[in-house]
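Chemist: could you work out the structure for the sequence below:
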Amino acid sequence: MPVEFNHTIVLTRDREKSAHFLAHVLDLEVGKPAGMFLPVTTANGVTLDFATVDIDIPMQHYAFLVSEDEFDHALARLVAAEVPIQADPHGKHPGRINRNDGGRGVYFLDPAGHGLEVITRPYGSDPDSPLNGVTEEVPGAVGG
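Modeler: Presented below is the predicted three-dimensional model:
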């Protein structure tokens, strides 16, 4: 059997808030609690199991590959909710998206402070794209 990524635990101060935030942005469903975990499952079957903890939580990074249409909807939800966005993980391009590899990408933080990313093309899929390094302003967006 080939190796597949199945699930990961996402530590947060409020599993309900974090799971529902991600589910809303990506138009996913929050599953039924399983013990201390509140699951959100992606289309390819990977489950993010949100767990409430009372410790300092280091930032983690989670990237989600979506279609162009799904990107439009996720970006619209982020803008409507006034979630700060940026085109890069270092915050040098607030209120913008990137066009790397000929696709589109956006970075933002979840309620626990984890770095989330939504992209339409895997990084490195078109290293010669003239759009690599290009960013675009998002009307109405809040900068990160």
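
Chemist: show me where the chain has helices.
Modeler: Using DSSP state H, the helices of the chain run over 15-26, 68-80.

Chemist: the chain: strands as residue ranges?
Modeler: 7-12, 37-41, 47-52, 61-65, 96-98, 105-109, 115-119, 135-137 (DSSP state E).

Chemist: so where is the protein shaky, pLDDT-wise?
Modeler: 144 (pLDDT under 70).

Chemist: most distant residue from the middle of it?
Modeler: residue 1 (28.8 Å; CA atoms, centre = their mean).

Chemist: for that one, give its distance to residue 33.
Modeler: 29 Å (CB to CB, to the nearest Å). C-beta: built from backbone N, CA, C; applies to glycine.

Chemist: among the helices of the chain, which is nearest residue 40?
Modeler: Residue 40 lies closest to helix 15-26 among the helices of the chain, at 5.2 Å (CB to CB).

Chemist: ends of stretch 44-63, what's the gap?
Modeler: Stretch 44-63 has an end-to-end distance of 13 Å (CA to CA, to the nearest Å).

Chemist: can you list the buried residues in that stretch?
Modeler: By 16 or more other CB atoms under 10 Å, the buried positions in stretch 44-63 come out as 47-50, 52.

Chemist: re earlier: quickly compare the helices of the chain and say which is most buried.
Modeler: helix 15-26 (a mean of 19; mean count of other CB atoms under 10 Å).

Chemist: run the chain-centre distance for that helix.
Modeler: Relative to its chain's centre, helix 15-26 lies at 10 Å (CA atoms, centre = their mean, to the nearest Å).

Chemist: cool, stretch 39-48 as well?
Modeler: Worked out by CA atoms, centre = their mean, stretch 39-48 lies 13 Å from the chain centre.

Chemist: and what of stretch 61-75?
Modeler: Going by CA atoms, centre = their mean, where stretch 61-75 is centred and where its chain is centred differ by 7 Å.
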